[in-house]
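J.: Just the structure for this:
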Amino acid sequence: MPRLDGFEATKRIKRSRSAVKVLVVTSLSVDNGVRQEMYRCGADAFLGKRDIATALVPMIRSLHKASVSPNSLSTSSRRGRGG
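T.: Predicted coordinates:
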């Protein structure tokens, strides 16, 4: 990203939209320090270069399933009805 790195972008997303799930995907090889820093910045999941081909779709499904829990459905349906 030209003006914003992934760490700062993740912080800003989580600060402004805490319910949004952030899945960090990088084509770079990274060490555990980078991975842990992304989680500290608010990332919900992280996929590195070696994991992309096999884990991307299952990770998206997992994050989606977690965000569509019975509690979130009842809350969003109440909001939709003005409640």
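J.: Enumerate every residue touching Met38.
T.: Applying Cβ atoms under 8 Å, 6 or more residues apart in numbering, we find Met38 in contact with Gly6, Phe7, Thr10, Val24, Phe46. Just so you know, the C-beta spots here come from the backbone N, C-alpha and C atoms, and that holds for glycine as well.
J.: For my notes, confirm it occurs in a strand.
T.: No. Counting by DSSP: H, G, I helix; E, B strand; the rest coil, Met38 falls outside a strand, being helix.
J.: Could you check the pLDDT of it?
T.: At Met38, the predicted lDDT confidence score is 93.
J.: Pull up the gap between it and Phe7, please.
T.: 7 Å (Cβ to Cβ, to the nearest Å).
J.: Report the buried residues of stretch 2-22.
T.: Gly6, Phe7, Thr10, Lys11, Ile13, Lys14, Lys21, Val22 (16 or more other Cβ atoms under 10 Å).
J.: Please convert the residues you listed to a markdown table, extending it with secondary structure and distance to Val68.
T.: Shown next, in a markdown table, are the buried residues of stretch 2-22 (DSSP: H, G, I helix; E, B strand; the rest coil; distance: Cβ to Cβ, whole Å):
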| residue | secondary structure | distance to Val68 |
| --- | --- | --- |
| Gly6 | helix | 25 |
| Phe7 | helix | 28 |
| Thr10 | helix | 22 |
| Lys11 | helix | 25 |
| Ile13 | helix | 19 |
| Lys14 | helix | 19 |
| Lys21 | coil | 11 |
| Val22 | coil | 16 |
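J.: Output these in JSON lines, with distance to Pro58 appended to each entry.
T.: Shown next, in JSON lines, are the buried residues of stretch 2-22 (distance: Cβ to Cβ, whole Å):
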{"residue": "Gly6", "distance to Pro58": "21"}
{"residue": "Phe7", "distance to Pro58": "25"}
{"residue": "Thr10", "distance to Pro58": "21"}
{"residue": "Lys11", "distance to Pro58": "26"}
{"residue": "Ile13", "distance to Pro58": "22"}
{"residue": "Lys14", "distance to Pro58": "23"}
{"residue": "Lys21", "distance to Pro58": "14"}
{"residue": "Val22", "distance to Pro58": "17"}
